[in-house]
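**Student:** Need a 3D model of the following:
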Amino acid sequence: MRDSFVCVRITRLNGIDLNRFEFDYDVTWNSFFLDSQLNVYSRYGGRDHGDPEARLSKSSLLKTMKEVLDVHQLALKSDVNGREKFFQPIPKQPFRPHDIPLLRKNHGGCVHCHQVKEYRILQSYHDGKFDRWQLFRFPLPENVGITIDHEHGFLAKSVKFGSAAKDAGVKAGDVIRRINQIPIRSEYDIRWALDKNKTDQIDFELERGGAIVRAKLKPTENWKQTNLGWRKSIRSAPLPFAMRGYPLVRSQRAKMKLPATGLALKVVSVRGEGFSTNLGLKKLDVIIGLNGRHPNRTLNEFKSDLISRYDPGDTVRLTVWRDGKRVQLSGPFPDWFTEEESVP
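**Tutor:** As a prediction, the model looks like this:
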């Protein structure tokens with residue numbers, strides 16, 4: 001089937017139209033399926049905080065490729081005005097990495113994917129337009145209650161009870177064909193379409209038993225939240241963390257008589273003003289609880305929890321292990337702030 005495609009590999013984003021080639025810039029690989037005019041039929045790839053390849057499979061890739069070949073033949077047989085329904089919508093105005101002022105000012109040479117994401121975050125902050133939801137891109141289908149069959153790619157394997165999808169009538173075995181009129185040919189298409197949704201309703205077009213069924217999903221508040229801990233771009237989030245630390249391993253926990261599992265982040269330095277100083281953290285403290293919860297976390301996953309749960313001014317409560325005793329700390333979540341204007 002590969003011989004039916006012309007394959008092109010792009011290893012840098014210099015000069016690339018980001019409006020056309022839009023994907024999750026924290027990932028290390030992504031595929032687009034296009035026609036000769038660069039109209040997008042589908043995109044394939046994506047990951048979550050677990051195994052980087054857990055959402056990918058050979059069979060789902062082949063399924064997407066076959067879908068693209070079939071729809072390409074239909075597009076060729078259609079008149080020019082009738083072809084738009086086969087493509088994913090793309091803004092007509094190109095937008096390239098060097099259209100980001102901070103990137104143009106501070107970056108030379110190869111533009112890597114994560115740098116595009118990070119410069120956009122920094123630019124948004126310095127323009128006074130930052131919103132934490134800019135960090136939560138490409139939400140998972142599970143966020144609306146749908147678990148996808150990863151061997152298929154866009155078939156609902158299960159639907160969670162009480163979720164937006166269940167309440168809207170989505171059923172296990174449904175094939176997702178369109179979301180808000182965007183054609184779906186992969187799980188990554190689903191995530192891109194969900195990412196594009198800006199309203200309190202998401203329109204699904206489903207194939208069920210050979211018939212087309214429509215469902216209107218009403219997602220819950222904060223439905224786009226996902227674990228940011230794996231994302232390289234989290235380092236450019238304008239959160240003045242003001243500390244460095246690392247998770248304790250089992251032997252370190254045992255020496256301090258802490259549980260073998262659960263939250264245990266050791267503070268190795270406190271510097272500047274921000275989260276750590278607001279709460280009164282000290283060097284050598286071990287953070288063992290966040291608002292009474294104690295899940296295992298890396299430092300970046302802990303940051304992700306904070307970004308997900310708190311707005312500036314909200315009270316954060318920590319439990320720390322200090323000098324052999326549990327100590328309760330509390331203080332305000334800091335205002336968004338960063339002095340950074342460049343990305344390594």
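
**Student:** Which parts of the stretch 101-250 of the chain are helices?
**Tutor:** In the stretch 101-250 of the chain, the helices defined using DSSP state H, counting those that start in this stretch lie at 101-106, 113-126, 164-168, 187-196, 250-255.

**Student:** Quick check: which of those helices is nearest to P94?
**Tutor:** Closest approach to P94 among those (C-beta to C-beta): helix 113-126, 14.0 Å. Any C-beta I mention is one placed from the backbone N, CA and C, and that applies to glycine too.

**Student:** what's the spacing between the closest one and its chain's center?
**Tutor:** 14 Å (C-alpha atoms, centre = their mean, to the nearest Å).

**Student:** still on that earlier bit, so which of the helices of the stretch 101-250 of the chain is the most packed in?
**Tutor:** Highest mean neighbour count of the helices of the stretch 101-250 of the chain: helix 187-196, a mean of 23 (counted as mean count of other C-beta atoms under 10 Å).

**Student:** I'd like to know which elements that helix is packed against.
**Tutor:** Here helix 187-196 touches strand 40-45, strand 175-179, strand 182-183, going by 3 or more C-beta pairs under 8 Å, 6 or more residues apart in numbering; DSSP states H and E.

**Student:** Using a markdown table, please lay out the ones you listed together with mean neighbour count and mean pLDDT.
**Tutor:** Below are the helices and strands packed on helix 187-196 laid out as a markdown table (neighbours: other C-beta atoms under 10 Å; pLDDT from 0 to 100):
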| stretch | mean neighbour count | mean pLDDT |
| --- | --- | --- |
| strand 40-45 | 22 | 97 |
| strand 175-179 | 19 | 98 |
| strand 182-183 | 19 | 98 |
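
**Student:** Of all these, which one is nearest A254?
**Tutor:** Per C-beta to C-beta, nearest to A254 of the helices and strands packed on helix 187-196: strand 40-45, 41.0 Å.

**Student:** And the contacts of that closest one?
**Tutor:** Strand 40-45 is contacted from outside by 20, 23-24, 27, 29-35, 56, 60-61, 64, 67-68, 71-72, 86-88, 90, 183, 185-186, 188-189, 192, using C-beta atoms under 8 Å, 6 or more residues apart in numbering.

**Student:** Separate out the buried members of these.
**Tutor:** Listed as buried from these are 20, 23-24, 27, 30-35, 56, 60-61, 64, 67-68, 71-72, 86-88, 183, 185-186, 188-189, 192; burial here means 16 or more other C-beta atoms under 10 Å.

**Student:** Looking at those, which are in strands?
**Tutor:** N30, S31, F32, F33, L34, P183 (DSSP state E).

**Student:** and the residues you listed as a markdown table, adding distance to K232?
**Tutor:** What follows is those, written out as a markdown table (distance: C-beta to C-beta, whole Å):
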| residue | distance to K232 |
| --- | --- |
| N30 | 15 |
| S31 | 20 |
| F32 | 21 |
| F33 | 26 |
| L34 | 27 |
| P183 | 30 |
